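In: everything below, folded, please.
(chains A and B)
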Number of protein chains: 2
Amino acid sequence: MTSQPTATNDARGTKRVYLFAEGNASQKDLLGGKGANLAEMTNAGLPVPPGFTIPTTVCNEYYEQGERSPQELWDEVTAALATVEATTGKRFGDHANPLLLSVRSGAKFSMPGMMDTILNLGLNDETVQGIIDATGNERFAYDAYRRFIAMFSNVVLGFRLDNFEHMLEQFKARLGVRLDTELDARTLREVVGAYKALVLKNLGIDFPTDPKAQLRMAIEAVFKSWNNDRAITYRNHHKIAHDLGTAVNVQSMVFGNMGDDSGTGVAFTRNPSTGEHKLYGEFLFNAQGEDVVAGIRTPRPIAELESDMPGVYAEFVAIAGRLEQHYRDMQDLEFTIERGKLYMLQTRNGKRTAQAAIKVAVDMANDGLITQEEALMRVEPTQLNQLLHRRIDPNAILKVIARGLPASPGAATGTIVFDADEAEKRGMLGDKVILVRVETCPDDINGMIHAQGVLTSRGGMTSHAAVVARGMGKPCVAGCDGLDVDLNAKTMRAGDLLLKEGDTLSINGATGEVIHGEVPTIEPELSPEFRTLMAWSDTFRKLGVRANADTPEDAAKAREFGAEGVGLCRTEHMFMAHDRLPVVQEMILANNEAARRQSLAKLLPMQREDFIGIFRAMAGLPVTIRLLDPPLHEFLPNHQDLVAEVAVLRVKGDDPQRLAQRERMLREVERLHESNPMMGLRGCRLGLTFPEINEMQVRAVFEAACTLKREGVEVLPEIMIPLVGHVNELARVRSQLEVVAKETMAREGVEVDYRFGTMIEIPRAALTADQIAREAQFFSFGTNDLTQMTFGYSRDDAEGKFLTRYLEGKILPANPFEVLDRDGVGALMRIAVEKGLSTNPTLKLGVCGEHGGEPSSIAFAHELGLHYVSCSPFRVPIARLAAAQAAIEQK
Amino acid sequence: MTSQPTATNDARGTKRVYLFAEGNASQKDLLGGKGANLAEMTNAGLPVPPGFTIPTTVCNEYYEQGERSPQELWDEVTAALATVEATTGKRFGDHANPLLLSVRSGAKFSMPGMMDTILNLGLNDETVQGIIDATGNERFAYDAYRRFIAMFSNVVLGFRLDNFEHMLEQFKARLGVRLDTELDARTLREVVGAYKALVLKNLGIDFPTDPKAQLRMAIEAVFKSWNNDRAITYRNHHKIAHDLGTAVNVQSMVFGNMGDDSGTGVAFTRNPSTGEHKLYGEFLFNAQGEDVVAGIRTPRPIAELESDMPGVYAEFVAIAGRLEQHYRDMQDLEFTIERGKLYMLQTRNGKRTAQAAIKVAVDMANDGLITQEEALMRVEPTQLNQLLHRRIDPNAILKVIARGLPASPGAATGTIVFDADEAEKRGMLGDKVILVRVETCPDDINGMIHAQGVLTSRGGMTSHAAVVARGMGKPCVAGCDGLDVDLNAKTMRAGDLLLKEGDTLSINGATGEVIHGEVPTIEPELSPEFRTLMAWSDTFRKLGVRANADTPEDAAKAREFGAEGVGLCRTEHMFMAHDRLPVVQEMILANNEAARRQSLAKLLPMQREDFIGIFRAMAGLPVTIRLLDPPLHEFLPNHQDLVAEVAVLRVKGDDPQRLAQRERMLREVERLHESNPMMGLRGCRLGLTFPEINEMQVRAVFEAACTLKREGVEVLPEIMIPLVGHVNELARVRSQLEVVAKETMAREGVEVDYRFGTMIEIPRAALTADQIAREAQFFSFGTNDLTQMTFGYSRDDAEGKFLTRYLEGKILPANPFEVLDRDGVGALMRIAVEKGLSTNPTLKLGVCGEHGGEPSSIAFAHELGLHYVSCSPFRVPIARLAAAQAAIEQK
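Out: Numbering: from 1, shown residues only, chains lettered A, B, ... in the order given. Next up, the predicted model:
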């Protein structure tokens, strides 16, 4: 009467199992990335081994019910299994023609290696015989069986893998062989027995033999793996939500290890490092996929498959092309060849370097596969960072001590560390370290985050180290087998050279070179595709992008990167210069205005030259100059150092003159001491206390501007008054400085187009922006200080004292000094924009805090309708792209 | 055809001169306080010498036109003068029967002695003869003339008065007399000649003889006096606007110095010190008003007038009564008796002490003269301060070295300073000083502001020192002629005792005693009228009033003053106690949680006892307990001190054990060091770092509460979590502490009615109050920290570094740590209230910053609809009254 449903729904109408044929690529939320793609590929008629997906909702249900699966799940699994059995003609647990399964996690976002996978599930002493009968390959069958026992014991039973590996090494040693493939069937059968005995001895249980029980245990182990430590660490680092859950993909096994007519491989439809439009990948004959990914054997380039198996290669190339057209993006493919037949195991959008991301996006847009908007949305702005920083000077004479795979581009120098925890520890202290490992595993993630770069002696371009490093934008050299790494002794040997922990090493992730000592670096060259992408960004973005630049060099660099002006020129950095500091100190130590003015007169020509250089670099573009901001004690020697020096001078008693001088300095430092200098005498408070400092600065600005205008250079200075909290501060300082500006222009006989404005960095300024806007021609949000005051966090203290704990403990969703806090700081900005424009509709609005270079903060600036963001020169391209993305997303 | 108008209007319709008969008491803005009252008295038929008032608008016009008077003013003055001439039958400048005039300033708000007055205007060598003819009193005429020359030269020409006084002393010395009244007519005529010669010699001009020119110059001198330094200082101190301007009163002179049947005096309708309903004042026969006010001669009590001139006295008493009924307030009267006829020169609401203000207001309300609301509005809340603080222990054995007039109540101790500038300087440094002067003058205001109390050797109860000190609520002993004050030598002698600058002295302004050294003080007793006023306040106010109390003693005191609970109990003060600090330090130095918990276990019983004491004192009322707030380094020794101690220990080398201990302490202090501790590891950040500290505190609270509940004492603890900026902080801490609360109650077997809430003191908390309110049962605005963060001012630094300059320079209208900043901090509070109530309509809202005791801030709290304010115990009555006033004003 009724047909057997392949999967049933429970009372809630929730479907708990989806056959691959029942899903499609749009269902990543439900089926995970891998499951959705398997479904899509299946429905596209590609050769995918049949199977089914347990959706993410069931994983969440499992956790909601206290880590218990509903009975309905098992009912639906049984039904789906029957369909798979029917399709493959094999039966699960059958002694004659057994179906073996893979069980894999598959979350919405790819988390490579983070969660567990079990292959060859369904094997036991009876079904192994069925496999032997079906394949006639006893060696393969026992190899699969011993792998399965090890993998299952590790993932499901929590028994360490190295126990098995150690035992396998013993077998190999006994037989005097080096490779696993050299072990024969008889030995592997012995290994199986030995593995099972090991489990019994150590865990006190017989290894589970019932295939259905194996399947249940494996599915639940995948659910559990969603919340293992390394998965949580990975999600934290990549800002993936913890409540998404993982899907579980159960798929019939195909075997790449059924002999030399079998194999397995991974490939990208384009080069994930460079973006070159050419199939890129690796394969191994007579191997299962894990052999490729884990980097245990060094695989062969995909192109070599053509000569060995031209038919399979041609089919694979065709499929790769179809999939790229289908998904309209570069694909990351996994395949297996079972006795000459190609099976596609997985496709997904491939991870890529920034360089590749740009080239792929621009090429695809130029080819008409995607639009320019899509191309812009394909590149993660912060990834550009990789391209913009210095790389190793190609002309440098380098002491290259080894060469590995160029797994993730960029150059890194640091001290050698052999342990991920140590790398994390030192990295958090600010040390630059290179993490050196034989190969990395998911447990090393923390160390990789805090290292400058990663070097491994084993593994390929798709090894864990390579994939993770590329994702992080960190340089990585992988599979450098010329290195002998001894993790216990904490040494590495390259030929005759023995390096130990703490020695300095450099790596070039673009070439695979490993270099002894530090390396000279040069500016990066930007690809034509990069320039194209930037040009497209500029056509879409609404936000202007300026740079924070304190020197002519920074200004020139910023302009080269596309900055449309200087949004923040910090004049205090000019005061800090080696040759000026003594004059600045003399000015601070002056005990009356006349003496102060004398010192300032010496500084004036220096400041004027600074401004001439910056104005010239930014000819025709606005330059926002912030008047002196930091507390004066920052220009004086450190208090503790002075105390110590004075003490020593007193004890020695041999240099009374120096002692008197240092004592005077100490008194001055103590006089200027503040309990909370961040909230003390700085910014416009300083200008209102010593107006002559601001006057000198404004005179220098206008003298510089007049000099250049006489040369025909267009100059647009914007004088920015910092730390305003009350309109009267701004009004007072501005009116005083307008006089100086007008006097200077009159004396020089030149008219300059200038503006006066203020930072909005004190909460009160935002709250009273209507009053302040009456006195300002522009507002520039100083989001660093505004974040400090809005949160009441001293940035100098918070990170070391409690902020790290807050982030780890999820008290804060993100570091507010990195990602602009929209609820608090953003609310103040919104108030300031609305109130400011209400009294001054021509007000120019910008951001010059570090958030000006952070994409989500840039998106917020776009939302608020600001006119520009300003960021460090190297962040200018990031800001241009992020601004374009914000505009495209708003459409 | 047309009648001569008494005053004309200009094109703008502005009337520039008002005859007294043309105004009334409601016109204080226009006519000034004095002018409006002269008009009111004139129209009430009182014996007021005729005259006219130039309104404040003309003063402002004078300044607007660059210190020039419009011609229309002089036309109107001429016309008004004609009316006065007609009324008096005298003519201005007439040789036969000359009219003499007084010219006085008169602003809206009384500014005693701040601006200038000229009497006897119109005298010259011809008119003086007319006065002699009219009065037959040559001595009086020349006395008036010489006074006029001195006064006019001083006020109008800027020639120092002491030049004249010095010359007069020479005349007296030559004649061997002591009093001015002993100089005869002939001598005074010589004095006039000598004075004029002195002017010619020093200023190079003849003293002006044309009465009309004298009048013009005098009127403009009064305008100018509005902006002299002492007037500006006075307005700053009393927060009077600088753009009000002064009116000028021109009035026909009557003479109290026409012989022994003439006199002059000042009186209050009630006692301005105590409020007693009895005429209170002083007079002098044969004197002009300045003789009384300046304190040059010591005047007689008003009651003595009755025996000398019973008719005049009776008329005066009747007029005083009528005026008090008319104005419905205590009046401050000036009168002159000219040859037996009484003239009223001035009436105004009298300045009074807090004690008097209360008694007068309550008495008048009880008599039905004013309403209870009016009575409440009559008392300046901050004035209550005078009544609530300690006074000298009446049982103390005091070394009274002199006795003067009890000019302003209260006791003060400090080091002697003889110079106002020195008093200001030392006072600003935090020293407690007593300003000792022969008599004070308006130039001494700055010094008086910064002194604890004022002592003068000359002058009466209405002398400058007495009036100003009472206005400031500062203790003052005046006219202490037993003291020999030598301002040059900076010494004062009382009998054999010679005191010099820097010695310690005490004064009792309630008794007039001058005491050598420091004095023991006791609690004040509160008058029945005070209690009545407080009871009335409570019937009108909407705001609750709680106290900030950290000890059972403070809590008891607060309850006595009417507090309805504790709004802030700062638990750190308990940690600071002498016997606990070592345990607290041990806890901080512990390097693991277990050791920390051990130390905390020792603190627990101590904290429990604290809470038992406070809960008992506040039985039945809520007690808000703030969990540990300050950074831990505050409990450790001062860094600098430690550095020094360690250095010394090292040099000496004789106590290695102590050295090791101090070195460890130093390391810990350095570890805890923060650049900006105000924005560092404190408040809930501390609790989230060391949860065991909060746990101990909450356990102590609940154990104390349970103990008392078992005794039948009602306890309502409110646990307040400080420095919350993100809802997650509150949620995390609260959930952890709810567990502790429930565990403790379960263990004790007692249920306690408790709440959890938070401070709103971080701008972000206010901005995200909707989120935070979901986790809080109450908000208490910590306006001290909120002001710090909103302005970005470190309170520890700002006042010394720039805030004083900001206030002096009018960059800020008021110190935001004293008077709540409505535009900025207030805006955040409004956001917090609106957002907080939007998600939690039952949220309780209070203020526990110092603003909770400041009247205008209390008014703002009322406006915002908060439920209560909390302030220091001594401020509770102030808050009760201010809250009532806010409610009355809103009606």
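In: confirm that A:V485 sits in a helix.
Out: No: per DSSP: H, G, I helix; E, B strand; the rest coil, A:V485 lies outside any helix segment and is strand.
In: can you give me every residue that contacts it?
Out: If you count contacts by C-beta atoms under 8 Å, 6 or more residues apart in numbering or on different chains, A:V485 has them with A:F418, A:V436, A:R437, A:V438, A:S457, A:T491, A:M492. (Each C-beta comes from the backbone N, C-alpha and C, glycine too.)
In: quick one: least confident helix or strand in chain A?
Out: None of the helices or strands of chain A scores lower by mean pLDDT, DSSP states H and E than helix A:289-293, at a mean of 66.
In: I'd like the next helix or strand past that one.
Out: Next in sequence after helix A:289-293, counting helices and strands by DSSP states H and E, comes strand A:300-301.
In: what's that next one packed up against?
Out: Of the remaining helices and strands, those touching strand A:300-301 by 3 or more C-beta pairs under 8 Å, 6 or more residues apart in numbering or on different chains; DSSP states H and E are strand A:280-285.
In: direction included, what does the strand it packs on pair against?
Out: Strand A:280-285 has the following sheet partners, assigned by DSSP bridges: strand A:263-268 (antiparallel), strand A:300-301 (antiparallel).
In: which of the ones you listed sits most buried?
Out: Among the strands paired with strand A:280-285, the stretch with the highest mean neighbour count (mean count of other C-beta atoms under 10 Å in any protein chain shown) is strand A:263-268, at a mean of 26.
In: just to revisit the earlier point, got the strands paired with strand A:280-285 as CSV, with mean pLDDT columns?
Out: Converted to CSV, the strands paired with strand A:280-285 look like this (pLDDT from 0 to 100):
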stretch, mean pLDDT
strand A:263-268, 92
strand A:300-301, 91
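In: quick one: which of the ones you listed is nearest A:A731?
Out: Evaluated over these, closeness to A:A731 peaks at strand A:263-268, with 61.3 Å, by C-beta to C-beta.
In: closest one of the contacts of A:V485 to chain B?
Out: A:F418 (28.4 Å; C-beta to the nearest C-beta).
In: which of the contacts of A:V485 tops the neighbour count?
Out: With neighbours defined as other C-beta atoms under 10 Å in any protein chain shown, the most crowded of the contacts of A:V485 is A:V436; it has 29 neighbours.
In: work out for me the element that residue sits within.
Out: Element membership for A:V436 (DSSP H and E) is strand A:433-437.
In: and the strands in the stretch 101-250 of chain A?
Out: Secondary structure of the stretch 101-250 of chain A (DSSP state E, counting those that start in this stretch): strands at A:101-107, A:117-121, A:246-252.
In: now, of those strands, which is deepest in the fold?
Out: Buried most deeply of the strands of the stretch 101-250 of chain A, by mean count of other C-beta under 10 Å, is strand A:246-252, with a mean of 27.
In: packing partners for it?
Out: In this structure, strand A:246-252 makes packing contacts with helix A:28-43, strand A:51-54, helix A:56-64, helix A:71-88, strand A:101-107, helix A:211-225, judged by 3+ C-beta pairs under 8 Å, 6+ apart.
In: so what's the nearest residue to A:L723 once chain neighbours are set aside up against?
Out: The shortest distance from A:L723 to any non-neighbouring residue, by C-beta to C-beta, 6 or more residues apart in numbering or on different chains, is to A:G683 (2.3 Å). A:G683 makes contact with A:D629, A:I721, A:P722, A:L723, A:V724, A:M759, according to C-beta under 8 Å, 6+ apart.
In: and the residues you listed, which two are the farthest apart?
Out: Farthest pair in the contacts of A:G683, by C-beta to C-beta: A:D629 and A:V724, 11.4 Å.
In: what's the neighbour count on A:Q71?
Out: Neighbour tally, A:Q71, other C-beta under 10 Å: 9.
In: also A:I240?
Out: 17.
In: what do you get for A:A617?
Out: Using other C-beta under 10 Å, A:A617 has 22 neighbouring residues.
In: isn't A:L101 up against A:Q251?
Out: Yes: the criterion here is C-beta atoms under 8 Å, and A:L101 meets it with A:Q251 at 6.6 Å.
In: need the overlap of contacts for the two.
Out: Listed contacts common to A:L101 and A:Q251 are A:G51; contacts here mean C-beta under 8 Å, 6+ apart.
In: A:D629 and A:V724: which is more packed in?
Out: It is A:V724, of A:D629 and A:V724, that has more neighbours when counted by other C-beta under 10 Å, with 30 against 23.
In: show me the contacts for the residue lying closest to A:E564 once chain neighbours are set aside.
Out: Leaving aside its sequence neighbours, A:E564 sits nearest to A:G544 (C-beta to C-beta, 6+ apart; 5.2 Å). Counting by C-beta under 8 Å, 6+ apart, A:G544 touches A:E564, A:G565, A:G846, A:H867, A:Y868, A:V869.
In: who wins for neighbours among those residues?
Out: Ranked by neighbour count (other C-beta under 10 Å), the contacts of A:G544 have A:V869 at the top, with 33 neighbours.
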